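Enquirer: coordinates only, sequence not included:
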């Protein structure tokens, strides 16, 4: 179950780029035409997790407005992680995958008669973290949900979900706000300057909530320096051994995200040089490795960093 503070969406301001999807879902909810399985997709940093929590809380709220009131008994129970007909499945701490046992337990939960109201509700986030066995264990419930069951799958990378899972869900994709709209929103939300908002927008790869976090946590300088260092390494300006020493102070997720950004920038904006084709293939191989490790299970620093260093030092 997700921690209670992330299940209190009524404390968060509305996100303007979500409004179109929110209106569609609200309309379906008021007409009692919500599909039994929803797949919420879009880039990271758009608030899909918040939207899933808002939708779940709104459906379980005692007020007939679809938006959670935040004060009724159902809202208080949901916010405290104690609502008996609601489950939120995510990878266990320190892990990257959702295993088959967790999904089987969730399926059993969904098959039970609702104890509090009319709905049994399950959120899986991120859905692409399910192992193949876990995804297969969910198929029958997706196809033939019991009673008033509702499943919400949240996915940053829906292409990594099995087609059998995607085909059983109705998709709702959050749009990316424009650059100018994001910068304006960041300035209003954080009281930062337009220049800082622009920098955050670029470092966050156009992800509004990621950019907001970078500003609020004062991470702009640190992340910018990390991306620059990885960029120098990718361009051959630093030895792999130097890079590994520089990376030791960072969390693995931060390293992988920054490395992905550095590689992608160079793949899609290659420098015109005699060795550009060679570097393209080298960077492409590194990118494939990084993406694969983003999907890894229980990997450790002692394995990731040496492999990254070896790849960076390899000439294709």
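Expert: Yes, it's here. Just so you know, these numbers come straight off a predicted model, no measurement behind them. Numbers count the residues shown, from 1 in each chain.

Enquirer: contacts, neighbours, all on C-alpha from now
Expert: Will do.

Enquirer: Now do residue 24: how many residues are near it, please.
Expert: Counted with other CA atoms under 10 Å, residues neighbouring residue 24 total 12.

Enquirer: Then residue 151?
Expert: Neighbours around residue 151, by other CA under 10 Å: 22.

Enquirer: Give me the next element, helix or strand, following the helix or strand where it lies.
Expert: In the assignment (DSSP states H and E), residue 151 maps to strand 149-155. Toward the C-terminal end, the helix or strand that comes next after strand 149-155 (DSSP H and E) is helix 163-166.

Enquirer: any idea where the helices of the stretch 151-300 of the chain begin and end?
Expert: For the stretch 151-300 of the chain, helices defined by DSSP state H, counting those that start in this stretch occupy the ranges 163-166, 179-190, 194-203, 208-216, 220-234, 240-247, 252-268, 276-294.

Enquirer: Residues in contact with the shortest one: which ones?
Expert: The contact list for helix 163-166, computed with CA atoms under 8 Å, 6 or more residues apart in numbering, reads 39, 135, 139, 142, 158.

Enquirer: gap between the two ends of stretch 55-71?
Expert: Stretch 55-71 has its terminal residues 16 Å apart, counting by CA to CA, to the nearest Å.

Enquirer: Give me the buried positions along that stretch.
Expert: Buried residues in stretch 55-71, counted by 16 or more other CA atoms under 10 Å: 55-63, 66-70.

Enquirer: coming back round to it: which stretch in the helices of the stretch 151-300 of the chain is the model least sure about?
Expert: Lowest mean pLDDT of those: helix 276-294, a mean of 56.

Enquirer: just to revisit the earlier point, let me know the closest of the buried residues of stretch 55-71 to residue 98.
Expert: Using CA to CA, residue 56 is the member of the buried residues of stretch 55-71 that lies nearest residue 98, at 20.4 Å.

Enquirer: ok, for the closest one, nearest residue in space, not its chain neighbours?
Expert: residue 121 (7.1 Å; CA to CA, 6 or more residues apart in numbering).

Enquirer: And the one you found, its phi and psi?
Expert: Backbone torsions of residue 121, given as degrees, to the nearest 10, read phi -130, psi 130.

Enquirer: and if you look at residue 109?
Expert: Note on residue 109: its backbone torsions stand at phi -60, psi -40 [degrees, to the nearest 10].

Enquirer: repeat for residue 38
Expert: Main-chain dihedrals, residue 38, degrees, to the nearest 10: phi -110, psi 140.

Enquirer: Quick check: bridge partners of it?
Expert: In this entry, residue 38 is beta-bridged to residue 152, residue 170, by DSSP bridges.

Enquirer: Give me the pLDDT for it.
Expert: The model reports residue 38 with a pLDDT of 96.

Enquirer: just checking, it touches residue 171?
Expert: Yes. Using CA atoms under 8 Å, residue 38 is in contact with residue 171, at 6.1 Å.

Enquirer: the more surrounded of these two?
Expert: More crowded of residue 38 and residue 171, by other CA under 10 Å: residue 38, with 22 against 16.

Enquirer: dump the residue contacts of the more buried one.
Expert: Taking CA under 8 Å, 6+ apart as the test, what residue 38 contacts is 150-153, 169-172.

Enquirer: Specify which member of those is nearest to residue 83.
Expert: Proximity of the contacts of residue 38 to residue 83 was ranked by CA to CA; the top entry is residue 150 with 14.8 Å.

Enquirer: My read is that that closest one contacts residue 124, right?
Expert: No. In this structure residue 150 lies outside contact range of residue 124 using CA under 8 Å: 11.3 Å.

Enquirer: Skip the chain neighbours and tell me the closest residue to residue 134.
Expert: Closest residue to residue 134 apart from its sequence neighbours, by CA to CA, 6+ apart: residue 100 at 3.9 Å.

Enquirer: Next, give phi and psi for that neighbour.
Expert: phi -70, psi -30.

Enquirer: residues near it, how many?
Expert: 18.

Enquirer: If you rank the contacts of residue 38 by neighbours, which is first?
Expert: Result: residue 153 is most packed of these (other CA under 10 Å), 27 neighbours.

Enquirer: OK, contacts around that residue?
Expert: Applying CA under 8 Å, 6+ apart, we find residue 153 in contact with 37-40, 123-127.

Enquirer: ranking the residues you listed by neighbours, who comes first?
Expert: Of those, with other CA under 10 Å as the count, residue 127 tops at 27 neighbours.

Enquirer: picking that back up, kindly indicate which of the buried residues of stretch 55-71 lies nearest residue 90.
Expert: Nearest to residue 90 among the buried residues of stretch 55-71: residue 56, at 15.4 Å, using CA to CA.
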